[in-house]
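**Student:** can't give you the sequence, but here's the structure:
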């Protein structure tokens, strides 16, 4: 017996209705699944961001603590970490070498210099480069430094004695920057000498502390 046209039409309508319902259901599942995946990606992204920020803060906190420990051990009034970086290029394409203070630890009542020591042209401080090459880690009087932008900067910040210790990249060769310790009076150095600690011994202690700081800086760059 052949189905009537009305029956066939009803079956088609039911099939279309069920097809639409099924389609809506499948689309709904797809949207829901996509939403879950996207939410999971956002959650993982947020978690990785939180982990990275936490490690970033922890690493820089450790470096600052080491710098403060160096200041207390050396009884200096100010300890700073300078790092070299590029800051554009000259007309011939060569890099413009600069340096900036990235970390600073100051004794109570001692003025900060970090804000005034950003994007400094290295070419202005040829005398600093000479000291880094010829007398690294030596405690020097500013009277040992010829008149220059470097000496003027020390005088402006009431520095009587200082030392600069080079920092190296992880290859142990490429310059990363330097640590600078300032003594604004001779009192602390005189006290250390009266305690029987020679200048050579103090310089060695400072050098070893900077090596530890250097290791942390290179570890930070690997992350």
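**Tutor:** Yep, it's here. None of the values given here were measured: they were computed from a predicted structure.

**Student:** mind listing the helices for the protein?
**Tutor:** In the chain, the helices defined using DSSP state H lie at 5-74, 126-134, 149-156, 187-194, 199-222.

**Student:** rank those by pLDDT, which is bottom?
**Tutor:** Looking over the helices of the chain, mean pLDDT reaches its minimum on helix 5-74, with a mean of 67.

**Student:** if residue 121 is in a bridge, with which residues?
**Tutor:** Partner residues in beta bridges with residue 121, using DSSP bridges, are residue 98.

**Student:** run a quick neighbour tally on it.
**Tutor:** Burial of residue 121 is recorded as 12 neighbouring residues (other CB atoms under 10 Å). Every C-beta, even on glycine, is put in place using the N, C-alpha and C of the backbone.

**Student:** check it and give its pLDDT.
**Tutor:** Checking the pLDDT column for residue 121, the value is 92.

**Student:** list the contacts of it.
**Tutor:** With contacts defined as CB atoms under 8 Å, 6 or more residues apart in numbering, the neighbours of residue 121 are 87, 96-98.

**Student:** got TSV for those residues, with pLDDT and neighbour count too?
**Tutor:** Putting the contacts of residue 121 into TSV (pLDDT from 0 to 100; neighbours: other CB atoms under 10 Å) gives the following:
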residue	pLDDT	neighbour count
87	78	15
96	86	14
97	92	15
98	94	18
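
**Student:** out of the residues you listed, which two sit at the greatest distance?
**Tutor:** Across these, the two members that end up farthest from each other (CB to CB) are 87 and 97, 7.6 Å apart.

**Student:** residues of stretch 113-131 that come out buried?
**Tutor:** Buried residues in stretch 113-131, defined by neighbour count with 16 or more other CB atoms under 10 Å: 113, 117, 120, 125, 128-129, 131.

**Student:** next: stretch 194-207.
**Tutor:** Residues of stretch 194-207 classed as buried: 202-203, 206 (neighbour count, 16+ other CB under 10 Å).
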